[in-house]
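1. Pasting a predicted model and its sequence here:
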Amino acid sequence: MKRSCLYLFTALLLVLVSSCSSTGNMKKGTTVGNLSEAEYMEELINRLPAWDAVTAKMSLAVDLNGKGPTRVSGTLRMKRDEVIQLSVTPFLGIEVARAEISPDGVLVMDRMNKRYVQVSFRELKALANVDLDFHVLQSLFLNEIFLPGKKTLTARDVAAFAVTPENENAVVRVKNSKRIDYRFSTGMNDGRLKESHIGVSGTRYGVNWRYDKFRPLGQKQFPASMLVAFEGADKPVTALFELSRLSTDKDWTVHTEVPGKYERIELSDLIKQLLKK
């Protein structure tokens, strides 16, 4: 069970990638409802929630082979531009594993076996041969449209996107991104982000992040259900996050200290162990 969670987390890091920022001129003539393409994008950007912090109880179901999910419980905590924490606590609230992502890198702790992996984004970039970006991960977890290479979207970024009406939705794509295809499905009437897709151009590989069961959080709506599906593997790989007790609480420790008695292992060794399972 624990290894399944670590495998999923490692796969997530290797698939979620960012490329150079995109620029270009907005097409003229396209309309979304009663708005022009540029007006629709401006409205989407203006409606971005921009929560400073989000915390929730988490139920995570991981399916690595299509034979049924392994379920664990825990917590999800996020502070904008600082950290994303995933804590697995299946037994009476006792933490057995933690994954912590910050702009500097990634820490994965196995408390049961007293070992950990700590790796910088520079190392991850070299391992995956692509640019890994904290802010892409943050946007996916926070239900936000993003532009690779940028922390915050403004009205000046409107021209970097193309919009295509599709039934009751409007599909938003990042323009001029050669290696990676970034696509967002939004509700045409309310602008709500329903799905984010990141694909490696010219291949079957990618990740699809679907949002559902929106609940009030502050003055906005946050998805209490997130389904992550990895594309291109021989067997289905999915993760379903079901969230409850949503809040914007900031009163928690941002960064984790690794106990001195823990053994550090290399990411490459962890991947080898997981691929044998």
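-> Yes, it's here. Numbers count the residues shown, from 1 in each chain.
2. How much space separates the nearest residue to Val163 once chain neighbours are set aside from Ser87?
-> In space, and not counting its chain neighbours, Val163 is closest to Glu37: 4.6 Å by Cβ to Cβ, 6 or more residues apart in numbering. Quick note: C-beta positions are derived from backbone N, CA and C, even for glycine. As for Glu37, its distance to Ser87 is 41 Å (criterion: Cβ to Cβ, to the nearest Å).
3. Neighbour count: those two, which is higher?
-> The residue with more neighbours, out of Glu37 and Ser87, is Glu37; 23 against 20, by other Cβ atoms under 10 Å.
4. where does that one fall, phi/psi-wise?
-> phi -60, psi -50 (degrees, to the nearest 10).
5. Can you pull the poorly scored residue ranges out of the chain?
-> 1-33, 127-132, 270-277 (pLDDT under 70).
6. So the residue sitting nearest the centre point of it: helix, strand or coil?
-> With distances taken as Cα atoms, centre = their mean, Leu140 lies nearest the centre of the chain, 3.3 Å away. Following DSSP: H, G, I helix; E, B strand; the rest coil, we place Leu140 in the helix state.
7. Give me the spatial nearest neighbour of it, chain neighbours excluded.
-> Excluding its sequence neighbours, the residue lying closest to Leu140 (Cβ to Cβ, 6+ apart) is Trp209, at 5.2 Å.
8. bridging residues for the one you found?
-> Ser196, Val228 (DSSP bridges).
9. who's in contact with it?
-> Going by Cβ atoms under 8 Å, 6 or more residues apart in numbering, Trp209 touches 140, 195-198, 226-228.
10. again, but for Glu42
-> Neighbours of Glu42 in contact, by Cβ under 8 Å, 6+ apart: 155, 158.
11. So it belongs to a helix, correct?
-> Yes - applying three-state DSSP, one finds Glu42 inside a helix.
12. Check the gap between it and Tyr205 for me.
-> 32 Å.
13. before we move on, what about Asn169?
-> Taking Cβ to Cβ as the criterion, Asn169 is separated from Tyr205 by 24 Å.
14. more crowded one of those two?
-> Applying other Cβ under 10 Å to Asn169 and Tyr205 shows that Asn169 carries more neighbours, namely 18 against 15.
15. what bridges to that one?
-> With DSSP bridges as the rule, Asn169 is bridged to Glu166, Gly187.
16. Make sure it is actually in contact with Lys194.
-> Yes - when contacts are counted by Cβ atoms under 8 Å, Asn169 is listed as touching Lys194 (6.9 Å).
17. Spell out the residue ranges of the strands in the stretch 101-250 of the chain.
-> 105-110, 115-120, 161-166, 169-174, 180-187, 193-200, 206-217, 220-231, 237-247 (DSSP state E, counting those that start in this stretch).
18. now the first one and strand 115-120, what's the angle there?
-> Pointing back at strand 105-110 there. Angle between the axes of strand 105-110 and strand 115-120 is 170 degrees (criterion: axes from the mean of the first three to the mean of the last three Cα atoms, to 10 degrees).
19. what's strand 105-110 packed up against?
-> helix 2-15, strand 97-102, strand 115-120, helix 121-128 (3 or more Cβ pairs under 8 Å, 6 or more residues apart in numbering; DSSP states H and E).
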